[in-house]
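Undergrad: attaching a predicted model along with its sequence, questions to come.
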Amino acid sequence: MNESTSSQETRFVHAGSDPRRQGGYVNPPVYRASTALYRDTAEMDASQADPLKRGHPVYGRFGTPTSRAFEEALTELEGGHAAVATCSGLSAITTALLAYVRAGDHILVSDSAYLPTRKFCDSLAALGVETEYYPPIAGRAAIEELIRPRTRLLYLESPGSTTFEVQDIPAITAVCRARGVATIADNTWATPAFCRPLALGVDAVVHSATKYLTGHADSILGTIVCTQESYPVVRGTAIRLGQCASADDAYLGLRGLRTLSVRMRRHHDHGLELARWTADQDGVAAVLHPGLPEDPGHDLWRRDFTGAAGLFGVELEPGFGKPDVDAMLNRLRIFGIGHSYGGYESLIVPTDPVTHRLPRTWDGRGPLVRVHVGFEGLDDLKNDLRGGFEALTCRGQPHRGHDNAAREDMPPRARGQRREADRSRPGPR
């Protein structure tokens, strides 16, 4: 579809769709397939000559019409050259990383990256690859200093999935491109509805399509969207690793893309509203949401993103312990206690960046919980959280006495303060 003549909403509805290839039906069928038959030996020989297996169907592991329709749609939405569907978000991340690294390489990884990503990068030491974590607020000069002659790759996640720091993607990719360093970005939080990292200079974009892309908490799916230069490297690695997505999951991913624009706008509106409300509650030290004007990453977010997901962090007052947080979470009736995010249901989960972050890259003093805002009524969600905060403060009450003084010493974001000059709700742009 021609982007110059189509709105984003129209592209989300029609990207990758060709009813003429589908017997006239709007949606493609679900091809549950392994074996593909050739018309003759000449066609078989031709397929073997294609190292990326993108021509005639060869074998189900290399893709079916269902998975290819999903890949084509996401490629168009991200503004890429081609995409690779994988069996999970983590498999997309690991495949993209393995596509680039070799023994003796040095890679840079954002210290705010998804914890399973970090664990995998740590494991690369056994293959002779050194991983160095950099502060997620590092700018052009800091990244320039960190790049070594053997630096092969930089992996970033913006915002970070638990502490939500926003990175200067154009500045980072400009430095890396000038030094011959490839870049990969995790775009799970924003989705192509709100950010297109390829346009900001990255070489490949990974998604846990399990989350917002599929959007219904009923599929495990990953994707890697590539430039023309990165695609052969990534696709070849996926083939060698045996990576593939099931036809059913690819279909659910494609279904999710059709409503993604509408769903993300709802996540944006409800997420920001609940984040503002949460910042005023007793027991809350900070709300970590780049869409809030007082957030340190707000200016970068406004420049590079057109909206915000429904996922943000809440730092509680110093002095609360695990029993207090448990009491808060166990009081909730609408928010489910569960990992993942991106579905229609609201979720909450405790998290502790201190256990794995570098010293001084996370300055939070109190316990942290991650909130995902789904599609329930906002008043219901506020009432549910209100009960949780009451359980928290009635049990611990650290905002009284010396802990209140500690709160006053915190920076503005950590006190949940707002800029009075900009209290209007920023809508998706």
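TA: Thanks, I have the structure now.
Undergrad: stretch 37-46: end-to-end distance?
TA: 13 Å (Cα to Cα, to the nearest Å).
Undergrad: ok, stretch 176-192 next?
TA: Using Cα to Cα, one end of stretch 176-192 lies 23 Å from the other.
Undergrad: which of the residues in it are buried?
TA: 176, 181-192 (16 or more other Cβ atoms under 10 Å). Any C-beta I mention is one placed from the backbone N, CA and C, and that applies to glycine too.
Undergrad: now it: mean pLDDT?
TA: The pLDDT scores in stretch 176-192 average 98.
Undergrad: from the chain's centre, how far out does it sit?
TA: Put simply, stretch 176-192 sits 12 Å off its chain's centre (Cα atoms, centre = their mean, to the nearest Å).
Undergrad: for the remainder of this discussion, apply numbering that starts at 861.
TA: Sure, I'll start numbering at 861, so the last one becomes stretch 1036-1052.
Undergrad: still on that earlier bit, let me have the buried residues of stretch 1036-1052 in JSON lines, extended by distance to G1082 and secondary structure.
TA: JSON lines is the format used below for these (distance: Cβ to Cβ, whole Å; DSSP: H, G, I helix; E, B strand; the rest coil):
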{"residue": "C1036", "distance to G1082": "23", "secondary structure": "helix"}
{"residue": "V1041", "distance to G1082": "23", "secondary structure": "coil"}
{"residue": "A1042", "distance to G1082": "19", "secondary structure": "strand"}
{"residue": "T1043", "distance to G1082": "18", "secondary structure": "strand"}
{"residue": "I1044", "distance to G1082": "13", "secondary structure": "strand"}
{"residue": "A1045", "distance to G1082": "14", "secondary structure": "strand"}
{"residue": "D1046", "distance to G1082": "11", "secondary structure": "strand"}
{"residue": "N1047", "distance to G1082": "12", "secondary structure": "coil"}
{"residue": "T1048", "distance to G1082": "9", "secondary structure": "coil"}
{"residue": "W1049", "distance to G1082": "15", "secondary structure": "coil"}
{"residue": "A1050", "distance to G1082": "16", "secondary structure": "coil"}
{"residue": "T1051", "distance to G1082": "14", "secondary structure": "helix"}
{"residue": "P1052", "distance to G1082": "15", "secondary structure": "helix"}
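Undergrad: farthest pair in these?
TA: The distance between the two most remote of those (Cβ to Cβ) is 25.5 Å, for V1041 and T1051.
Undergrad: quick one, strands of the stretch 911-1060 of the chain?
TA: Under the criterion DSSP state E, counting those that start in this stretch, the stretch 911-1060 of the chain contains strands at 942-946, 966-970, 990-994, 1011-1017, 1042-1046.
Undergrad: relative to I1208, which of those is closest?
TA: strand 1011-1017 (20.7 Å).
Undergrad: just checking: what are the partner strands of the closest one?
TA: With DSSP bridges as the test, strand 1011-1017 is paired with strand 966-970 (parallel), strand 1042-1046 (parallel).
Undergrad: what's the first one in contact with?
TA: Just to be clear, that refers to strand 966-970. With Cβ atoms under 8 Å, 6 or more residues apart in numbering as the test, strand 966-970 has contacts from 957, 960-961, 977-978, 981, 984, 989-994, 996, 1003, 1006-1008, 1010-1018, 1020, 1027, 1041.
Undergrad: likewise the last one?
TA: Outside strand 1042-1046, the residues that touch it by Cβ under 8 Å, 6+ apart are 953, 956-957, 960, 973-974, 977, 1012-1018, 1021, 1029, 1032-1033, 1036-1037, 1057, 1060-1068, 1090.
Undergrad: can you say which of those are buried?
TA: Buried among those by 16+ other Cβ under 10 Å: 953, 956-957, 960, 973-974, 977, 1012-1018, 1021, 1029, 1032-1033, 1036, 1057, 1060-1068, 1090.
Undergrad: I'd like to know how many residues surround L1112.
TA: Using other Cβ atoms under 10 Å, L1112 is surrounded by 23 other residues.
Undergrad: before we move on, what about F1249?
TA: 18.
Undergrad: what helix or strand is it on?
TA: helix 1238-1255 (DSSP states H and E).
Undergrad: for that helix, which positions count as buried?
TA: 1241, 1244-1245, 1248-1253, 1255.
Undergrad: can you give me the helices for the stretch 1011-1160 of the chain?
TA: 1029-1038, 1051-1054, 1091-1101, 1107-1139, 1158-1164 (DSSP state H, counting those that start in this stretch).
Undergrad: turn those into JSON lines, including distance to R899.
TA: What follows is the helices of the stretch 1011-1160 of the chain, written out as JSON lines (distance: least, Cβ to Cβ, whole Å):
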{"stretch": "helix 1029-1038", "distance to R899": "44"}
{"stretch": "helix 1051-1054", "distance to R899": "37"}
{"stretch": "helix 1091-1101", "distance to R899": "23"}
{"stretch": "helix 1107-1139", "distance to R899": "23"}
{"stretch": "helix 1158-1164", "distance to R899": "49"}
